[in-house]
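Engineer: take this sequence and fold it.
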Amino acid sequence: MGANPRVVLLTDHAMEGHRSPGHPERPERLAAAASGVADGAAEAGATLDRPPLEPADEAALERVHPAPYLALLDDAARQGGGWVDADTYIGPHSMVAARLAAGATIQAALAAAGGGAEVGFAVVRPPGHHARRERAAGFCLLNNVAVATLALRAAGRAQRIAILDWDVHHGDGTQSIFDADPEVCYASTHQMPMYPGSGESSERGTGPAIGTKHNVPLSPGSGDAAFTDAWLARLLPAVGAFAPDAILVSAGYDAHRLDPLANLDVTEAGYREVAEAIGRMARSAGLGGVALTLEGGYDLDALRDGAAATVAGLLAGLSGSEAG
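Structural biologist: Next up, the predicted model:
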């Protein structure tokens, strides 16, 4: 990594148009997380770029989601919206936001994989990792990280891709989409018991992909020690052995001790330590950077501080220095 690393922050106020009054996945999350990314870049002495967003086109979306499913969501938005799952809302502007979220995640992935940035961070909403090919769930409409994964392949930037998911909820949508794909390594920590109820350690992939999916469920109150041990001692060694061409992170901050929807009790120090280890792994694998997309996290201070710690930690690991 050069003396002046580059962080690309991908976000847009248009994603604030996706809203349901009183819902914890609220527009203010964008500003909090974006502020954290900027803080982390400043701490590391990195250049921060904020390029304009391009929404994901239909070809990119249809690699993951069938056209009839996309049409169903678009029709729901045009008709004024409503609940599409027990806790997942679609409004008149939600599909504009969702297409921007998927597009931003593609841009972040391409920037990191192509050497244009050491860190590409898509600060987006709605989140994505619970969305399955034909089902919205868990606040998610489109699976942003899955769309970006297949966009990397389509662009010829990567074939073997690792998705690291530290949201407090298991990314059941992401795992289901790639469960039989031997060239996608999925690794997750998550609180259990907790929605969606999946993510047992026995879930290892199916068919030719057995052994490429890695889940470490954690008990409530586990804190930084269990969180960092799961990543440093178990998950990252497995990811390193997979030898990915690109690394994408589903970066949720609802495992933070301040989050109102969970109680895993992780702090920003835990996120920093894991992020630094990911940066070191990426550097040793010869990767130019790491891409992230925002998933959950519903306390604004935790979002800001967690994102800042993540960016600073990643840059320290990528440079071979020690995060403060």
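Engineer: pLDDT below threshold where in the protein?
Structural biologist: 1-3, 322-324 (pLDDT under 70).
Engineer: would you point out which residue is most central in it?
Structural biologist: For the chain, the residue nearest the mean C-alpha position is Ser250 (1.8 Å; CA atoms, centre = their mean).
Engineer: what about the residue lying closest to it once chain neighbours are set aside, how many residues nearby?
Structural biologist: Distances taken as CB to CB, 6 or more residues apart in numbering place Asp165 nearest to Ser250, at 4.0 Å, with adjacent residues excluded. For the C-beta atoms, the positions are set from N, CA and C on the backbone; glycine is no exception. Using other CB atoms under 10 Å, Asp165 has 25 neighbouring residues.
Engineer: bridging residues for Asp165?
Structural biologist: Counting by DSSP bridges, Asp165 forms beta bridges with Ser188, Ser250.
Engineer: name the SS class of Gly288, please.
Structural biologist: Classification of Gly288 by DSSP: H, G, I helix; E, B strand; the rest coil places it in coil.
Engineer: one step back: roughly how far does the residue nearest to the centre of the chain sit from Leu294?
Structural biologist: In this view, Ser250 and Leu294 are 9 Å apart by CB to CB, to the nearest Å.
Engineer: next one: Pro196
Structural biologist: 19 Å.
Engineer: for Ala77, same thing?
Structural biologist: Distance from Ala77 to Leu294, by CB to CB: 21 Å.
Engineer: all strands for the stretch 201-324 of the chain, in order.
Structural biologist: Along the stretch 201-324 of the chain, counting by DSSP state E, counting those that start in this stretch, strands occupy 213-218, 246-251, 290-294.
Engineer: who are the packing partners of the second one?
Structural biologist: If I follow you right, that is strand 246-251. When contacts are defined as 3 or more CB pairs under 8 Å, 6 or more residues apart in numbering; DSSP states H and E, strand 246-251 sits against helix 94-113, helix 144-154, strand 161-165, helix 268-284, strand 290-294.
Engineer: of these, flag the one that's most buried.
Structural biologist: Highest mean neighbour count among the helices and strands packed on strand 246-251 (mean count of other CB atoms under 10 Å): strand 290-294, with a mean of 30.
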